[in-house]
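Colleague: predicted model and sequence below, questions to follow.
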Amino acid sequence: MPKYLLGTDNGGTVSKAGLFATDGREIAVVGRKTEMLSPRPGHTERDPEQIWRATAESIRAVIDTSGVDPRDIEGVACAGHGNGIYLVDGHGQPVCPGIYSTDSRAKDYVARWSEEGIDQKVRPKTMQCIWPAQPNALLAWLRDHEPEVISRARWVLMCKDYIRFRLTGEVYAEMTDFSGTSLMDVGTGRYDPEVLEAFGIAEMRRLLPPLRRSEEICGRVTSEAAAETGLAEGTPVAGGLFDIDACGLASALTDPSQMCMIAGTWGINQYIWQEPVVSEDVFMTSRYCIPGYYLIMEGSATSASNLEWFVTQFFPAGRHTGEQADASVYDRCNQWVAATRPDEAQAVFLPFLFGSNAALEAKASLVGLSGWHHRGHALRAIYEGVVFAHKTHVNKLLKFRGPPQSIHLTGGVARSEVWVQIFADVFQVPVEIPAGTELGALGAAICAGVAVGCYPSFAEACKAMVKIDRVQRPDPAYRDVYAAKFERYQRVVAALSPVCKDFA
């Protein structure tokens with residue numbers, strides 16, 4: 001009888017479940033939307049119960065759609081967004097809304113810690129920048145502003161840890177996720193009292209669950225969870241992973257010569273290394289799911305969400321683009337960009353609508369337009385600006401390693417051949433696109449496969465389950481063109497950053 005693996009993935013707005021054969025074939029994928037709550041400025045929250053219901057419904061729909069006998073599902077693993085915080089009491093009941101990773105309520109704590117040099121003091125252990133939506137800052141804020149929440153809390157969980165708890169009834173913290181929270185010593189893989197003391201949250205040690213690895217079995221599906229999801233009671237559930245690790249696995253990131261990019265809401269750029277990188281020039285070093293490796297990551301909210309904003313604002317729902325009413329607006333955007341050449345227009349777009357990897361106050365801008373330009377030129381500038389934001393991060397990473405032999409690209413951008421070609425031409429290396437529609441869920445399923453013994457290692461699991469859909473190779477003729485355009489992009493960023501504070 002064929003056997004299957006199931007993975008879930010919880011991002012910012014969609015809870016997804018995917019069922020995969022042990023050879024990596026995607027059998028069925030289902031997603032359910034969840035609501036992002038913003039009760040006050042700077043607060044971004046989610047209802048944990050709604051996230052669980054959406055996940056459970058997605059799992060049940062995947063099983064029903066596929067027609068697979070739940071008893072043939074060998075194992076389950078969960079992936080999800082990192083950071084933010086999900087606090088539960090001793091019975092596993094949420095004591096407050098889940099706080100998402102874009103929350104900024106604790107920004108003053110991060111500013112104070114940076115001014116006092118605490119960031120630099122703990123960096124040799126935490127190996128990452130501090131920012132407002134990390135649990136260290138959120139715990140300090142909640143203690144000072146909502147002490148009743150902290151008094152009721154028993155456990156700090158990440159999003160996917162909460163989902164795993166709902167499946168199994170057992171509470172654990174998983175290593176890849178928690179190594180990105182500034183709550184532990186990444187080198188030793190343990191919670192560190194000196195780190196907690198430095199942030200003034202030593203008393204929060206009581207809230208930190210036991211640590212487990214991604215591929216460890218962390219419980220089995222309970223009868224209650226089986227009734228809600230359609231899974232068979234007793235199905236093993238693995239520790240799971242941080243979503244950036246899941247996408248790394250789903251793109252076969254098992255070799256330090258490679259680089260993985262995720263071009264979606266955030267632009268993530270990462271590689272694995274056997275030694276950690278500890279530097280103020282690197283956003284985050286965390287522990288990778290493959291034993292003995294660290295994940296070195298640079299990223300910011302400067303990626304494909306910029307195009308999403310453009311499409312939403314200028315092509316409202318209910319309107320088509322005029323030329324082909326049956327074509328999606330994204331297809332038309334790709335066609336308009338493909339109809340232009342990289343060397344025919346020099347307009348520059350700064351993709352800072354939702355965040356910046358330049359000055360803190362930097363804003364999005366479209367610079368250098370003339371009357372003869374058309375929408376294809378403006379769209380090409382948006383596409384190129386997103387790639388240049390990725391290149392800005394990669395240039396930081398290249399201080400610590402040589403150029404990659406290939407880039408494995410995932411996220412919404414990977415569906416656009418013209419956009420992927422820009423990535424290949426800018427970086428001048430082949431860009432490989434993994435097969436599949438929900439790679440976070442695939443990465444989680446790969447993790448489940450290792451946990452239940454379908455494969456002896458992550459490397460073997462990736463070899464069996466990851467397929468490359470296509471490879472787009474760079475055009476050497478555009479090497480100098482894009483080098484000049486990136487240099488112009490950097491000059492525009494530098495020139496506009498000083499005045500952007502006037503546009504707060």
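Modeller: That came through fine.
Colleague: after the lowest-mean-pLDDT helix or strand in the chain, which helix or strand is next?
Modeller: None of the helices or strands of the chain scores lower by mean pLDDT, DSSP states H and E than helix 305-314, at a mean of 89. Reading on from helix 305-314 to the C-terminus, the next helix or strand found by DSSP states H and E is helix 329-338.
Colleague: let me see the domain layout of this protein.
Modeller: As assigned by automatic domain parsing, the chain contains the domains 4-239, 305-395+478-503.
Colleague: just these: most buried one?
Modeller: By mean neighbour count, with neighbours taken as mean count of other Cβ atoms under 10 Å, domain 4-239 ranks first of these at a mean of 20. The way it works is simple: take the backbone N, C-alpha and C, and place the C-beta from them, glycine included.
Colleague: so for that one, mean pLDDT?
Modeller: Computed over domain 4-239, the mean pLDDT rounds to 97.
Colleague: that one: end-to-end distance?
Modeller: 18 Å (Cα to Cα, to the nearest Å).
Colleague: ok, stretch 279-288 next?
Modeller: Terminal residues of stretch 279-288 are spaced 18 Å apart (Cα to Cα).
Colleague: helix or strand for the closest residue to Ala339 other than its chain neighbours, which one?
Modeller: Leaving aside its sequence neighbours, Ala339 sits nearest to Gly376 (Cβ to Cβ, 6 or more residues apart in numbering; 5.3 Å). If you go by DSSP H and E, Gly376 is part of helix 375-397.
Colleague: quick one: distance of that helix to the chain centre.
Modeller: From the chain centre to the centre of helix 375-397 is a distance of 19 Å (Cα atoms, centre = their mean, to the nearest Å).
Colleague: now the angle between helix 329-338 and that helix, please.
Modeller: Between helix 375-397 and helix 329-338, the angle comes out at 90 degrees (axes from the mean of the first three to the mean of the last three Cα atoms, to 10 degrees).
Colleague: continuing past helix 375-397, what's the next helix or strand?
Modeller: Next along from helix 375-397, by DSSP H and E: strand 406-410.
Colleague: buried ones in that next one?
Modeller: Within strand 406-410, the residues scored as buried using 16 or more other Cβ atoms under 10 Å are Ser406, Ile407, His408, Leu409, Thr410.
Colleague: make CSV out of those residues and add distance to Pro430 and pLDDT.
Modeller: Shown next, in CSV, are the buried residues of strand 406-410 (distance: Cβ to Cβ, whole Å; pLDDT from 0 to 100):
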residue, distance to Pro430, pLDDT
Ser406, 5, 93
Ile407, 7, 95
His408, 10, 95
Leu409, 10, 95
Thr410, 15, 91
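Colleague: pLDDT value on the closest residue to Phe283 other than its chain neighbours, please?
Modeller: Using Cβ to Cβ, 6+ apart and skipping residues adjacent in sequence, the residue nearest Phe283 is Glu298, 4.9 Å away. Per-residue confidence (pLDDT) for Glu298: 95.
Colleague: so Glu298: helix, strand or coil?
Modeller: At Glu298, secondary structure determined by DSSP: H, G, I helix; E, B strand; the rest coil is strand.
Colleague: same deal with Gly18?
Modeller: strand.
Colleague: grab the nearest non-local neighbour of it.
Modeller: Gly18 sits nearest to Ala441 (Cβ to Cβ, 6+ apart), 3.2 Å away.
Colleague: quick one, the strand or helix carrying that neighbour and strand 406-410 angle?
Modeller: If you go by DSSP H and E, Ala441 is part of helix 439-451. In terms of direction (the same axes, to 10 degrees), helix 439-451 departs from strand 406-410 by 110 degrees.
Colleague: list the buried residues for helix 439-451?
Modeller: So helix 439-451, judged by 16+ other Cβ under 10 Å, has buried residues 439-451.
Colleague: now those residues in CSV, please, with extra columns for distance to Lys363 and pLDDT.
Modeller: Formatted as CSV, the buried residues of helix 439-451 follow (distance: Cβ to Cβ, whole Å; pLDDT from 0 to 100):
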residue, distance to Lys363, pLDDT
Leu439, 31, 91
Gly440, 30, 93
Ala441, 35, 97
Leu442, 36, 97
Gly443, 34, 97
Ala444, 36, 98
Ala445, 40, 98
Ile446, 39, 98
Cys447, 39, 98
Ala448, 43, 98
Gly449, 45, 98
Val450, 44, 98
Ala451, 45, 98
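Colleague: which of these sits closest to His390?
Modeller: Lowest distance from His390 to those (Cβ to Cβ) belongs to Leu439, with 17.3 Å.
Colleague: from what I can see that closest one touches Ala246, true?
Modeller: Yes - shown here, Leu439 and Ala246 form a contact pair, counting by Cβ atoms under 8 Å, at 7.3 Å.
Colleague: could the buried residues of helix 439-451 go into JSON lines alongside distance to Cys333?
Modeller: JSON lines is the format used below for the buried residues of helix 439-451 (distance: Cβ to Cβ, whole Å):
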{"residue": "Leu439", "distance to Cys333": "22"}
{"residue": "Gly440", "distance to Cys333": "24"}
{"residue": "Ala441", "distance to Cys333": "27"}
{"residue": "Leu442", "distance to Cys333": "27"}
{"residue": "Gly443", "distance to Cys333": "28"}
{"residue": "Ala444", "distance to Cys333": "31"}
{"residue": "Ala445", "distance to Cys333": "32"}
{"residue": "Ile446", "distance to Cys333": "32"}
{"residue": "Cys447", "distance to Cys333": "35"}
{"residue": "Ala448", "distance to Cys333": "36"}
{"residue": "Gly449", "distance to Cys333": "37"}
{"residue": "Val450", "distance to Cys333": "39"}
{"residue": "Ala451", "distance to Cys333": "41"}
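Colleague: just these now: which is nearest Ala133?
Modeller: Nearest to Ala133 among those, counting by Cβ to Cβ, is Gly440 at 19.1 Å.
Colleague: number of residues surrounding Cys396?
Modeller: Let me fix one detail, which is that residue 396 is Lys and not Cys. Neighbour count of Lys396, defined by other Cβ atoms under 10 Å: 16.
Colleague: distance of it relative to Tyr383?
Modeller: To Tyr383, Lys396 is 22 Å away according to Cβ to Cβ, to the nearest Å.
Colleague: tell me which stretches of the stretch 51-200 of the chain form strands.
Modeller: 73-80, 86-88, 98-99, 155-157, 173-174, 184-185, 190-191 (DSSP state E, counting those that start in this stretch).
Colleague: for Gly11, which of the ones you listed is the nearest?
Modeller: Set against Gly11 and scored by Cβ to Cβ, those come closest in strand 73-80, at 7.4 Å.
Colleague: report all helices and strands that the closest one contacts.
Modeller: Contacts defined by 3 or more Cβ pairs under 8 Å, 6 or more residues apart in numbering; DSSP states H and E place strand 73-80 against strand 4-10, helix 159-168, strand 236-238, strand 241-242, helix 243-250, helix 439-451.
Colleague: how does it look with 6 Å?
Modeller: On a contact count with 3 or more Cβ pairs under 6 Å, 6 or more residues apart in numbering; DSSP states H and E, strand 73-80 meets strand 4-10, helix 159-168, strand 236-238, helix 243-250, helix 439-451.
Colleague: could I get these as CSV with distance to Ser416?
Modeller: Formatted as CSV, the helices and strands packed on strand 73-80 follow (distance: least, Cβ to Cβ, whole Å):
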stretch, distance to Ser416
strand 4-10, 21
helix 159-168, 28
strand 236-238, 33
helix 243-250, 17
helix 439-451, 16
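Colleague: out of these, which is closest to Lys391?
Modeller: Comparing the helices and strands packed on strand 73-80 by Cβ to Cβ, helix 243-250 comes nearest, at 18.8 Å.
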